[in-house]
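Participant: give me a 3D structure for the following:
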Amino acid sequence: MEPKQVRGSLPSTAGSVGNGTGLGASMLVAVSFLVGCASTPPPPAMPAVDAEQAVLRAERTTALDGAYRLIFDWNASEPDARFQGRGVARIEAPDRARLDLFTGGGESVGAAALVDDELRSARGEVGPMPPPALFWGALGVFRPGRSANLQGASAADDGTTRITYRYPGGQEARFHVRDGRVDRIDLLRNGRLEEEVRVEGGHDSRFPAVSTYRHLAERRELRITLDTMEHVEAFPPDIWDPGR
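Facilitator: Numbers count the residues shown, from 1 in each chain. The predicted model follows:
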């Protein structure tokens, strides 16, 4: 799906399904999720490649190149409820992004901003948000973060490069990059998949057509479908602090 190029005001909001009470507590539903918890099998053997060169290529091909405003539809689910609505993302190079979610009647579900590796919410706390690396990945940006320790890289026959990092605390992240774009990210602990991001389409656009973030243990999922994309001027600096 190629998003329409638009200019104009914030979108009208869509309706919601389910009990909105739990939703308002966390945009935070806005970016928390998934479906069951299962041990991840060992990845298939892939020939090793120069990891540092693979990282440089991924950073170069996915780096932000300006300021954008995206309008999208979102659907979220958790064990006892489902929600849906409209949202706005404001993104600015090199390292700033803000996500605002709305539901029926124009009500704000919540807001969160990412400045480099720092996640900020309207409540002044992170809450059950995805790690910054997965947040960036949902936008199609390869940004493992400063605390990530590069472990290696390998290549598959289909052109996918898998770049592996380890974080303090023992988590391991596998970034899959294909055709110069983030394809998926797996976040594991002790060999078990805990969280994931999957992106689809958007090869004719700067951003993915569909991004899905899942939290397996909590059985939560958020799916974002891009509607329109607008290349804009720089945003006011105060928008990167939703708590103000």
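
Participant: could you report the pLDDT at the residue nearest the centre of the chain?
Facilitator: With distances taken as Cα atoms, centre = their mean, the residue of the chain nearest its centroid is residue 138 (2.5 Å). The model reports residue 138 with a pLDDT of 93.

Participant: that one: what's its closest spatial neighbour, skipping adjacent residues?
Facilitator: residue 211 (4.1 Å; Cβ to Cβ, 6 or more residues apart in numbering). C-beta here means a position set from N, CA and C on the backbone, and glycine is covered the same way.

Participant: spit out the contact partners of the one you found.
Facilitator: Counting by Cβ atoms under 8 Å, 6 or more residues apart in numbering, residue 211 touches 138, 139, 140, 197, 198, 199, 200, 223, 224.

Participant: which of those residues are buried?
Facilitator: 138, 139, 140, 197, 198, 199, 223, 224 (16 or more other Cβ atoms under 10 Å).

Participant: the second one contacts residue 91, correct?
Facilitator: Yes. The criterion here is Cβ atoms under 8 Å, and residue 139 meets it with residue 91 at 6.5 Å.

Participant: now do the shared contacts for these two.
Facilitator: Joint contacts of residue 139 and residue 91 (Cβ under 8 Å, 6+ apart) are residue 97.

Participant: buried ones in stretch 218-228?
Facilitator: For stretch 218-228, by 16+ other Cβ under 10 Å, it's 218, 219, 220, 221, 222, 223, 224, 225, 226, 227.

Participant: ok, so of the residues you listed, who is nearest residue 76?
Facilitator: Using Cβ to Cβ, residue 222 is the member of these that lies nearest residue 76, at 4.7 Å.

Participant: partners of whichever strand or helix holds the closest one, with directions?
Facilitator: Per DSSP states H and E: residue 222 is located in strand 220-232. Paired neighbours of strand 220-232 in the sheet (DSSP bridges): strand 4-5 (parallel), strand 67-78 (antiparallel), strand 210-215 (antiparallel).
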